[in-house]
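Visitor: This is a predicted model, with the sequence first.
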Protein chains: 2
Amino acid sequence: MEYQKELKRLIFDLKTNYLPSVSIDLVIFGFHDGQLKVLLLRWKTTDKWCLPGGRIRHEENMEAAAYRSLRERTGLSEIFLQQFHTFGDVDRYTHFSRHDTLSKLGLPEEDLKEFASRDVSVGYYALVEFAGATPTPDLFTDECCWWDIDQIPLLLFDHNDMITLALKTLRRQLSYQPIGYNLLPDKFTMPDLQQLYETILGQSLDRRNFQKRMLGYGILERLEERKTGGAHKAPYLYRFNKENYEKALRDEILFVG
Amino acid sequence: MEYQKELKRLIFDLKTNYLPSVSIDLVIFGFHDGQLKVLLLRWKTTDKWCLPGGRIRHEENMEAAAYRSLRERTGLSEIFLQQFHTFGDVDRYTHFSRHDTLSKLGLPEEDLKEFASRDVSVGYYALVEFAGATPTPDLFTDECCWWDIDQIPLLLFDHNDMITLALKTLRRQLSYQPIGYNLLPDKFTMPDLQQLYETILGQSLDRRNFQKRMLGYGILERLEERKTGGAHKAPYLYRFNKENYEKALRDEILFVG
DNA sequence: TATCATTGTGTTGAAAATACGCATTAAAAT
DNA sequence: ATTTTAATGCGTATTTTCAACACAATGATA
């Protein structure tokens, strides 16, 4: 059985080359059709979903490990990635037994014992451009795809809690840092940007005040082009001024909140 | 040599009963004489200082492990404790070699190898009442005492960075949560509270506006007593209304910022 | 060419944050 | 005992920010 062999090799690799007791979980946010989405994986031979994750190599910085996992699941690099919390409860595996879940992979009991032991997990959230990502499952999973944030099912482990906290952190971050650089295409309209903010915050904002504030921060460049094709008045296209955008990120200027 | 024996036992205990690869570091803030203080430990037989820390038992929640370490260093429980960041760089041991530092303990080379390997460390910060704490060193350290926040020396490992980030997080927290419950004595004056805020924020605030805002949040109860003894007009004593204080913590109402 | 929904810009009023005035007070100085 | 001093308690203006709303401009559609 080719798969079992590969799995064996993977387990051996994990045991020897990666830090024990610590794992990484990723809440990857995308934005499409006015909806905030999260990338989920379906556990092999089950109908249960979970967050993508990874582990840290012995000679690898933790953040680099998170970026690596992100790249493996989406094909993207150069992405906004932010650590938001580390989860260390013993009973992080409430909804479904971790032992049972892992046994579905067809692991021998000896490996299960070690593998199913308790981990501390560092949570990161990422903001990626929906269109550019190529969702790719890993060896533990059959399927990888986007889910609407308000239609997430009951997930494996404590992953529902992770998404909730990631979103809460993201919303708070919105109040002191700009957002959108990795979520929107290079050129976008003001309504696009506003819809992004509204989706993340879960509330509608006044169109005119929003525009005023955004322009006031000096992180946007208005292009001469307009977005044609849609009905009615054609809106201007904007682009982020990367320099000012990153300065705003550093300085943590107050934003919409 | 009794100490070597005890150290051996400790190392064995750590290897068998605690999670490998993960440690906890604590930035314990106190407030005294108008100064923000941090609790530091002096590494055995050296003049180098570091943050207190600990490890997680296999069947112990991570937060419980942090509380346990906090209790061991200060004698205090029931304390404000908050996770602020997890540090996972490979070269977290820049200023001083981790191998050399650990060898000062008199460890045999075999233990050193395993023990000096790279850890991921979860950082917590705590706010404690200065007067109530009893600083206590551990087996790795000779001395445990408070340092003024602006007189911290070059510390072992990446502990200077940890303090910087903890303080940054604390300052940010101040903008959406009340503070002081575990930093001030039971009864305190408005100037006491203001001085605490000013010290943490590193800037002076208008006395009258500060009072107005604080009273407006409804987390303070003014007592009939006044604080006598000092020169000039005697200020009222206040006490936190625990119920409202904790409600404000939960609701994350906006505060001074 | 008129219609329509949406965009771009400006104005106004309320609310909040900030700056500042002054009488009161308790210890210290005279 | 009286005056002085410096800090407290409470109050009022001023400025700034935020939220609500009005209206002209635009470009595809009918």
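Guide: Alright, I've got the coordinates. Numbers count the residues shown, from 1 in each chain, chains lettered A, B, ... in the order given.
Visitor: what helix or strand does the residue nearest the centre of chain A sit in?
Guide: With distances taken as CA atoms, centre = their mean, A:I28 lies nearest the centre of chain A, 1.2 Å away. For A:I28, the host element (DSSP states H and E) is strand A:22-32.
Visitor: State the next helix or strand along the chain beyond that strand.
Guide: Immediately after strand A:22-32, counting by DSSP H and E, sits strand A:35-43.
Visitor: surely A:L154 meets A:N160?
Guide: Yes: look at A:L154 against A:N160 with CB atoms under 8 Å: they come within range, at 6.7 Å. Glycine gets a C-beta too; all of them are placed from N, C-alpha and C.
Visitor: coming back round to it: measure the closest residue in space to the residue nearest to the centre of chain A that isn't next to it in sequence to DNA strand D for me?
Guide: Excluding the flanking residues, the one nearest A:I28 by CB to CB, 6 or more residues apart in numbering or on different chains is A:L39, at 4.1 Å. Counting by CB to the nearest atom of the strand, to the nearest Å, the gap from A:L39 to DNA strand D is 32 Å.
Visitor: And the pLDDT for A:L39?
Guide: If you check A:L39, the pLDDT there is 98.
Visitor: check contacts around it.
Guide: For A:L39, the contact set (CB atoms under 8 Å, 6 or more residues apart in numbering or on different chains) comprises A:26, A:28, A:30, A:51-52, A:73-74, A:133, A:135, A:144-147.
Visitor: Bridged to it, which residues?
Guide: A:W146 (DSSP bridges).
Visitor: if we can go back for a sec, which of the residues in the strand holding A:I28 are buried?
Guide: A:V22, A:S23, A:I24, A:D25, A:L26, A:V27, A:I28, A:F29, A:G30, A:F31 (16 or more other CB atoms under 10 Å in any protein chain shown).
Visitor: just stretch A:145-157 next, same as before
Guide: Residues of stretch A:145-157 classed as buried by neighbour count (16+ other CB under 10 Å): A:W146, A:W147, A:I149, A:I152, A:L155, A:L156, A:F157.
Visitor: my read: A:H159 touches A:D25, true?
Guide: Yes: at 7.0 Å, A:H159 counts as touching A:D25 under the criterion of CB under 8 Å.
Visitor: Listing partners with orientation, what would you give for the strand holding A:I28?
Guide: strand A:35-43 (antiparallel), strand A:53-54 (antiparallel), strand A:120-127 (parallel).
Visitor: out of those, deepest packed?
Guide: Most buried of the strands paired with strand A:22-32 by mean neighbour count (mean count of other CB atoms under 10 Å in any protein chain shown) is strand A:120-127; its value is a mean of 25.
Visitor: tell me the mean pLDDT over that one?
Guide: pLDDT averaged over strand A:120-127 gives 96.
Visitor: how close does A:R57 sit to B:R118?
Guide: 10 Å (CB to CB, to the nearest Å).
Visitor: any shared contact partners between these two?
Guide: Common neighbours of A:R57 and B:R118, using CB under 8 Å, 6+ apart, are A:L19.
Visitor: mind checking pLDDT for whichever residue of chain A sits closest to DNA strand D?
Guide: Among the residues of chain A, A:K233 lies nearest to DNA strand D; the distance is 2.7 Å by CB to the nearest atom of the strand. Looking at A:K233, its pLDDT is 93.
Visitor: how would you label it: helix, strand or coil?
Guide: coil (DSSP: H, G, I helix; E, B strand; the rest coil).
Visitor: residues of the helix or strand of chain A with the lowest mean pLDDT that come out buried?
Guide: Across the helices and strands of chain A, mean confidence by mean pLDDT, DSSP states H and E is lowest for helix A:109-115: a mean of 75. Buried residues in helix A:109-115, counted by 16+ other CB under 10 Å: A:D111, A:L112, A:F115.
Visitor: try stretch A:67-87
Guide: For stretch A:67-87, burial by neighbour count (16+ other CB under 10 Å) applies to A:67-70, A:73-74, A:76, A:79-87.
Visitor: Sort out for me which of those are in helices.
Guide: Among the buried residues of stretch A:67-87, the members found in helices (DSSP state H) are A:Y67, A:R68, A:S69, A:L70, A:R73, A:T74.
Visitor: Let me have those in a markdown table, adding distance to A:L102 and pLDDT as columns.
Guide: Below are those laid out as a markdown table (distance: CB to CB, whole Å; pLDDT from 0 to 100):
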| residue | distance to A:L102 | pLDDT |
| --- | --- | --- |
| A:Y67 | 26 | 98 |
| A:R68 | 22 | 98 |
| A:S69 | 19 | 97 |
| A:L70 | 23 | 97 |
| A:R73 | 20 | 97 |
| A:T74 | 25 | 97 |
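Visitor: Could you pull up the residues touching the residue nearest to the centre of chain A?
Guide: With contact taken as CB under 8 Å, 6+ apart, A:I28 is in contact with A:V38, A:L39, A:P52, A:L70, A:R73, A:T74, A:Y125, A:A126, A:V128, A:A133.
Visitor: ok, the third one touching A:L41?
Guide: Looking back up the chat, that one is A:P52. Yes: under the criterion of CB under 8 Å, A:P52 makes contact with A:L41 at 5.5 Å.
Visitor: Done for today, thanks.
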